[in-house]
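> What follows is a predicted protein model with its sequence.
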Amino acid sequence: MTALAADRARYDRATAHLDAPVAIVDLEAFDANAADLVRRAGGKPVRVASKSVRCRALLERALATDGFAGVMSFTLAESLWLARSGFEDVLLAYPSADRAGFAELTADPKLAAAVTVMVDDPAQLRLIDAARDGGRGREEVRVCLELDTSLRLLGGRVRIGARRSPLHSPEQVAELARAVARRPGFRLVGVMAYEGHVAGVGDLLAGRPVRSRAIRAMQSAARRELAVRRAEVVRAVRAVAPDLEFVNGGGTGSVQHTAAEAAVTEIAAGSGLYLPRLFDNYTSFSGRPAALFAQPVVRRPGVGVVTVLGGGYPASGVAGRDRSPVPYLPEGLRYDPQEGAGEVQTPLLGSPADDLLIGDKVWFRHAKAGELCERFEQLHLVEGDRITATVPTYRGEGRTFL
């Protein structure tokens, strides 16, 4: 029996009493992935990205691992909820226009001490001030500035990287740092730079060696350029805010490279805990798929074909085949190219179909990490061939932040 076949047997035994659809997290794989992130961070703390986990129990499990410290959240409402739930260090990774949330934040000393907000434009500071609940929100707001990490070539005519912050140069970041320092009610505590074109792009594409080499060359150039520029930015910001608490960088795919920069004090990572399919194609690390979902076989239309219920759970980003979940166990199943993954039913082709019976489970991996939790209210935690706990996702707690 292969290792994957053994995993399938374990998952089937663990969930034999449960009807699919069902979602699980293999705790042995989750913990091994957490340990690998810590190892690659080389002694720098790993801030766990909640967007990639979306389950409070598993956020707490990651933070209980030596080497993890703090949460990186994705909305202000989520940040406030986590802070009220006892998470003491929450960095909001994206700017917000949530006026009601800012009114709460600036009126509550506990929330204001626990949550750091992201800023890349003076207009965001003005919005926060306008939301201070008629002057009752007097608490100081902790602020982090985001640096645009994109690689710009040919005088800026070519841009590689996500369109995030407008702050690209040390001078631009330092100018906003001074604006924060001059404005009462705000304290600059951090700088963040997420290099998504390095951390979130695989460089070992199956059957595409030329493109893989081109990606590795791009990423090598991007890392070199960003390391120099990030250090210059941090120097410029520390000249304004000498007591800067943290410089955050990285992502699952670039942990060890970013950690090697002296200017960086902490690493952000989250997807590497679940290891979704988009993180299979990296030369810099490997891990174990930890988060899976199963759909039940409901039809057997013919030889070499089964149909499962639902399964059309596309991931965000540019629409394409890589945004669909992938049939994982049993090995050897594939989508019908005429139908793909459907909202209500999904035909699957391949010789393993002939061994599947009505009611059997087919296990899938989602393309991204935390987005799986928007489809399920519970995660069943598997150890060996047993479920040892069942915990709610954000959705299961009634929290759908986006």
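Great, that's in hand.
> For whatever helix or strand residue 8 lives in, name the packing helices and strands.
For residue 8, the element it lies in under DSSP states H and E is helix 3-14. If contacts are counted by 3 or more CB pairs under 8 Å, 6 or more residues apart in numbering; DSSP states H and E, helix 3-14 sits against strand 22-26, strand 326-329, strand 361-365, strand 378-383. Yep, even glycine has a C-beta here, placed from its N, CA and C like the rest.
> and the shortest one, which strands flank it?
To tie it back to what came earlier, the one meant is strand 326-329. According to DSSP bridges, strand 326-329 has the following sheet partners: strand 361-365 (antiparallel).
> ok and the strand it pairs with relative to strand 22-26, angle-wise?
Our comparison of strand 361-365 with strand 22-26, counting by axes from the mean of the first three to the mean of the last three CA atoms, to 10 degrees, yields an angle of 60 degrees.
> mind checking which helix or strand of the protein has the lowest mean pLDDT?
Least confident helix or strand, the chain: helix 196-199 with a mean of 70, by mean pLDDT, DSSP states H and E.
> and the next element down the chain from that helix?
helix 209-240.
> which residues of this structure score low on pLDDT?
Applying pLDDT under 70 to the chain picks out residues 199-200, 202-205, 210, 212, 214.
> ok, 90 please
1, 133-137, 148-168, 194-228, 250-254, 278-286, 315-323, 402 (pLDDT under 90).
> Quick check, central residue of it?
Per CA atoms, centre = their mean, the C-alpha nearest to the average position across the chain is that of residue 52, at 3.2 Å.
> isn't that one right up against residue 274?
Yes - using CB atoms under 8 Å, residue 52 is in contact with residue 274, at 6.7 Å.
> got any residues that touch both of these two?
Common neighbours of residue 52 and residue 274 (criterion: CB atoms under 8 Å, 6 or more residues apart in numbering): 369-370.
> Can you give me the separation between residue 10 and residue 266?
Counting by CB to CB, to the nearest Å, the separation of residue 10 from residue 266 is 35 Å.
> Among the two, which residue is more densely surrounded?
Just comparing residue 10 and residue 266: by other CB atoms under 10 Å the higher neighbour count belongs to residue 266, 23 against 17.
> any idea where the strands of the stretch 51-200 of the chain begin and end?
Along the stretch 51-200 of the chain, counting by DSSP state E, counting those that start in this stretch, strands occupy 68-73, 90-92, 115-119, 141-146, 151-153, 158-160, 186-193.
> and the fourth one, C-alpha only, in CSV?
Once non-C-alpha atoms are left out, strand 141-146 reads as follows in CSV (Å, rounded to 0.1, in the frame of the first residue of the first chain):
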residue,chain,number,x,y,z
VAL,A,141,-4.1,53.9,17.2
ARG,A,142,-1.2,51.6,16.5
VAL,A,143,-0.1,52.0,12.8
CYS,A,144,1.9,49.8,10.4
LEU,A,145,3.0,51.1,7.0
GLU,A,146,2.9,48.8,4.0
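> Can you tell me the strand partners of that strand and which way each runs?
strand 115-119 (parallel), strand 186-193 (parallel).
> Identify all contacting residues around that strand.
91-92, 95, 102, 105-106, 112-113, 115-120, 125, 128, 164-165, 167, 173, 176-177, 180, 185-194, 237, 246, 248.
> That strand vs helix 209-240, what angle?
Using the same axes, to 10 degrees: strand 141-146 against helix 209-240 is 140 degrees.
> Please compute how far strand 141-146 lies from its chain's middle.
Distance of strand 141-146 from its chain centroid, counting by CA atoms, centre = their mean, to the nearest Å, is 20 Å.
> Would you mark the buried spots in it?
Neighbour counts using 16 or more other CB atoms under 10 Å place 141-146 of strand 141-146 among the buried residues.
> just to revisit the earlier point, which residues are in contact with the least confident helix or strand of the chain?
Defining contact as CB under 8 Å, 6+ apart, one finds that helix 196-199 is touched by 149-151, 160-162, 164, 218-219, 222-223, 226, 250-255, 257-258.
> Spit out the contact partners of residue 267.
Contact analysis of residue 267 by CB under 8 Å, 6+ apart lists 37, 41, 44-47, 248-250, 255, 258-259.
> can I assume it sits in a helix?
No - counting by DSSP: H, G, I helix; E, B strand; the rest coil, one finds residue 267 to be strand, located in no helix.
> Return the alpha-carbon coordinates of stretch 299-315 using CSV.
Output of stretch 299-315 as CSV, limited to C-alpha atoms (Å, rounded to 0.1, in the frame of the first residue of the first chain):
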residue,chain,number,x,y,z
ARG,A,299,-23.8,8.3,-9.3
ARG,A,300,-21.9,5.8,-11.4
PRO,A,301,-22.8,6.9,-15.0
GLY,A,302,-20.5,4.3,-16.7
VAL,A,303,-17.2,2.5,-16.8
GLY,A,304,-14.4,4.7,-15.5
VAL,A,305,-16.8,7.4,-14.3
VAL,A,306,-18.3,8.4,-10.9
THR,A,307,-20.2,11.5,-10.0
VAL,A,308,-19.8,13.2,-6.6
LEU,A,309,-22.1,15.7,-5.0
GLY,A,310,-20.9,19.4,-5.4
GLY,A,311,-17.3,20.2,-5.2
GLY,A,312,-17.2,23.4,-7.3
TYR,A,313,-15.3,25.5,-4.7
PRO,A,314,-13.1,27.8,-6.8
ALA,A,315,-10.4,29.8,-5.2
